[in-house]
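Colleague: A structural model of the following input is requested.
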Amino acid sequence: MTTPEQFTYPPDYATWPPYQQPYQASPPPPRRRRTGRLVAAIGGGVVALALVGAGGFALGWAAHPSSSAVSSGSSSYLPFNPGTGSDIAPGLGSGSGSGSGSTGDGSTGDGSTGSSSAGATDSQVAAVAAKVDPALVDIDTVLGAQNAAAAGTGIVISADGVVLTNNHVVAGATSITVTDIGNGKSYRAAVVGYDRSGDVAVLRLSGASGLATATLATSAVQAGDSVVAIGNAGGTGGTPSAVGGVVSALNQSITASDESTGSAEQLTGLIEVNADIQAGDSGGPLLTTSGQVIGVDTAASAGFQYQSAGGDGYAIPIATATAIADKIQNGKASSVIHLGATAYLGIETTSSRAYAGATGPVVLGVVDGSPAETAGLTRGDVITSVAGTKTASATALTDTLDRYHPGDKVKLAWTDVSGQSHSGTVKLTTGPVG
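Modeller: Next up, the predicted model:
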C-alpha cells in the first residue's frame, strides 16, 4: 500500500483559517487501473486511520501542499449552510479548525475467510467503472492552519447533491469542494452530520441537481466474492481509479487513534478485501461485479500502514453506512451522531495521565485566541471534566464535546502542573469538521 507524504508549511497569513481561492478544475487524466494485489493478512496487522475529535483534526487521506491557503484575508469556515428541507435537519451549520494526524494500534478479525479466487477480471473492472463512475465525486479540502490540502472520494446517494463518504475524509476541513464525475461540475459542500465512531459523514452540495446516483446492494456480501474498488487513488482527481479483488474476510475490527486529541475509536463489522485500496480511495465504493455498492472504502488514508508484511483494505458494509446516513439526513442526533457544525475548544491533547491527584487528558498545546486560551488553559494542564462530566480519557473528552455546538457555553475543570485546581466557563466556537 502506498502512503503519500503529508506536506505541511508554517502559516504565512495574518488570520486563520486561510482564504480559499476559487476552485480551478483540471482536465481529467486517463483512467488509472491498478492490477496489483496485496497479500491477505487476516488480523494481527497494525493500522493507522485518521479519526478525530472536537478540538483537533487528522492529517487526512491523500494530502498535498495547499497553494490556495496563503492569502492574508479571512473567510468563513465552510462555504454555506445546507439549510432546511425534508431530509435535512433545520439550522445545520458548517465547521472548521486545526489539529494533527493519527496513528493506529491494531487490527483483529473474527469473521470467515475467503478463497484464493483471482477476483474481478480486467474486463469486469472496466465495465463496473464505466457504469459507476458517473455516480462518484472527488472531494478536495483545505486543512486549516496546516496550510495543506487533501483529497478523497464520495458516493452520490441523492440526485439533489447528498453524498456519502468517510468522516475522516472531511475531518479537519476548513472548506470543501466536490467535483461530480458524472457532469464534471464543482460544488461547494457542507457537512450535514457525521458519526466519528462509525467513520461516516454526509455532505450536501450547494446548488446540485440531476446528479447520477449509485445503486446500493441489498443482498449480503460473502467471503470469496469478487469485488471492484473505485476511488480517487493518490488524490490526483479526474477519472477515478479502479481495481479488482476478493472479499477475504467479514466482521473485521480495527482500532484507530488521533494524535491531536489522543482519542481512539474501534471500527467493527468491516469487510476486508485484498483489493489494492490506496490513499485517496477512502469514501469510495466497494462494488459487486454487477456494479452494486456493497461497502464504503474506509481504511485507506495518509498515515494508514501495516507493521506486518502485506495487508488488505477495509470497507464499511453499505447497510451500516446508510443506516447512519439516514439518521443524519432525518436530523436524529445521538451520543455518536453529530449534526451540523463542530464545536471547537482549541487544544491539542494526549492520552490520559494521572498526577497531582488528577486524571484526564493532558493539554499539549493551546491555539492562540481559542476558547481554551481565554479560559486560561496551558500546556501540561489535565482536563478533569466538561459540563460536569468527568473526562478520564482523551476519548471521553472528544465524546463529551461532540454533544455541543458552536456558541454553547460549557464549564471546564482542570488541574495545572502544580496540582492546583481550576474551573471556568467557555463559549465554544466553530471548529474543524469532526
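
Colleague: helix, strand or coil for Ala126?
Modeller: Here Ala126 is recorded as helix under DSSP: H, G, I helix; E, B strand; the rest coil.

Colleague: that one contacts Gly244, doesn't it?
Modeller: No. Judged on Cβ atoms under 8 Å, Ala126 makes no contact with Gly244 at a distance of 9.8 Å. (Glycine included, C-beta is placed from N, CA and C.)

Colleague: who has more neighbours, these two?
Modeller: Neighbours per residue (other Cβ atoms under 10 Å) separate Ala126 from Gly244, with Gly244 holding more: 28 against 16.

Colleague: in a strand, that one, correct?
Modeller: Yes. The assignment for Gly244 by three-state DSSP puts it in a strand.

Colleague: let me see the contact set for it.
Modeller: For Gly244, the contacting residues are 35, 119-122, 124-125, 226-229, 275, by Cβ atoms under 8 Å, 6 or more residues apart in numbering.

Colleague: put the buried members of those into a ChimeraX selection.
Modeller: Burial among these is assessed by 16 or more other Cβ atoms under 10 Å; the matching ChimeraX selection reads:
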select :119,120,124,125,226,227,228,229,275
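
Colleague: now, among the contacts of Gly244, which is nearest to Thr398?
Modeller: Distance to Thr398, by Cβ to Cβ, is smallest for Ala229 among the contacts of Gly244, at 29.7 Å.

Colleague: tell me the secondary structure at the closest one.
Modeller: Secondary structure for Ala229, judged by three-state DSSP, is strand.

Colleague: chain neighbours aside, what residue packs nearest to it?
Modeller: Closest residue in space to Ala229, ignoring its immediate chain neighbours: Ala275 at 4.4 Å, by Cβ to Cβ, 6 or more residues apart in numbering.

Colleague: equivalent analysis for Pro134, please.
Modeller: Pro134's closest residue in space is Gly182 (Cβ to Cβ, 6+ apart), at 3.4 Å.

Colleague: and that neighbour, how close does it get to Gly210?
Modeller: Distance of Gly182 to Gly210, given as Cβ to Cβ, to the nearest Å: 9 Å.

Colleague: who has more neighbours, those two?
Modeller: Counted by other Cβ under 10 Å, Gly182 and Gly210 do not tie: Gly182 has more neighbours, with 15 against 9.

Colleague: stretch 366-377: end-to-end distance?
Modeller: 7 Å (Cα to Cα, to the nearest Å).

Colleague: quick revisit: of the contacts of Gly244, which one scores lowest on pLDDT?
Modeller: Here the lowest pLDDT out of the contacts of Gly244 sits on Thr35, with 37.

Colleague: what pairs with the spatially closest residue to Val125 that is not a sequence neighbour across the strands?
Modeller: Of all residues not flanking Val125 in the chain, Gly244 sits nearest, at 4.6 Å (Cβ to Cβ, 6+ apart). Bridge pairing for Gly244 (DSSP bridges) gives the partners Val228.

Colleague: and for the one 10 residues further on?
Modeller: Assessed by DSSP bridges, Ile254 has beta-bridge partners Ser107, Leu267.

Colleague: with Val142 instead?
Modeller: Beta-bridge partners for Val142, by DSSP bridges, are Ala149, Ser175.

Colleague: what does the model give it for pLDDT?
Modeller: 87.

Colleague: and Val156, how many neighbours?
Modeller: Val156 has 25 neighbouring residues, counting by other Cβ under 10 Å.
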